[in-house]
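Engineer: show me the folded form of this:
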Amino acid sequence: MKNEELIAKAIEARKNAKSPTGYLVGAALLTETEKIYTGCNLGSDDGIFNICAERVAIAKMLSEAPEKIKKIAVVGGKETLISTAPCGVCRQLIYSLGTDIEIICAFNEENELKYKSYNIKELLPNGFTY
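Structural biologist: Next up is the predicted model:
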């Protein structure tokens, strides 16, 4: 699957996001068997419940059919998409599931969708794994 296709799935998932700050995030992960799992950030107005889009997508995959993850696309922003990378907790979770996972961070620049790809090791040097 092309990165642009996975990004499109993350953008679609972002439409269901709920955040009291208005910062909406979508994620789409691709497994080695080419299955796609999506997630969006979810937060309550009182701040008691908050979960990141990446963890939602990973939880869905782990609860339905645990597999090896190839890559994860992440999009986020308020009005327009800005470069959004996984938070520290998400980085560690991703790292614990595979140190060769590609992270795709998509954003709008001059009305054009662009992206940068990273290996999870770049985003979390010296991460913990078993």
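
Engineer: now the strand or helix carrying Ser96 - C-alpha only, CSV.
Structural biologist: Ser96 belongs to helix 88-97 when assigned by DSSP states H and E. Presented in CSV, the C-alpha positions along helix 88-97 are these (Å, rounded to 0.1, in the frame of the first residue of the first chain):
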residue,chain,number,x,y,z
GLY,A,88,6.0,9.8,24.1
VAL,A,89,3.6,7.2,25.4
CYS,A,90,2.6,6.2,21.9
ARG,A,91,6.2,6.1,20.7
GLN,A,92,7.1,3.7,23.5
LEU,A,93,4.1,1.5,22.7
ILE,A,94,4.9,1.4,19.0
TYR,A,95,8.6,0.7,19.8
SER,A,96,7.6,-2.2,22.0
LEU,A,97,5.6,-3.7,19.1
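
Engineer: does anything pack onto that helix? Which helices or strands?
Structural biologist: Counting contacts by 3 or more CB pairs under 8 Å, 6 or more residues apart in numbering; DSSP states H and E, helix 88-97 is packed against helix 53-64, strand 69-77, helix 120-123. For every residue, glycine as well, the C-beta is placed using N, CA and C.

Engineer: what's the angle between it and helix 53-64?
Structural biologist: 40 degrees (axes from the mean of the first three to the mean of the last three CA atoms, to 10 degrees).

Engineer: chain center to helix 88-97, what's the gap?
Structural biologist: 11 Å (CA atoms, centre = their mean, to the nearest Å).

Engineer: next, count neighbours for Thr99.
Structural biologist: Thr99 has 13 neighbouring residues, counting by other CB atoms under 10 Å.

Engineer: oh, I was asking about Asn3
Structural biologist: 15.

Engineer: that one: what's it in contact with?
Structural biologist: Contacts here follow CB atoms under 8 Å, 6 or more residues apart in numbering; on that basis Asn3 touches Lys71, Ala73, Ile104, Tyr115, Ser117.
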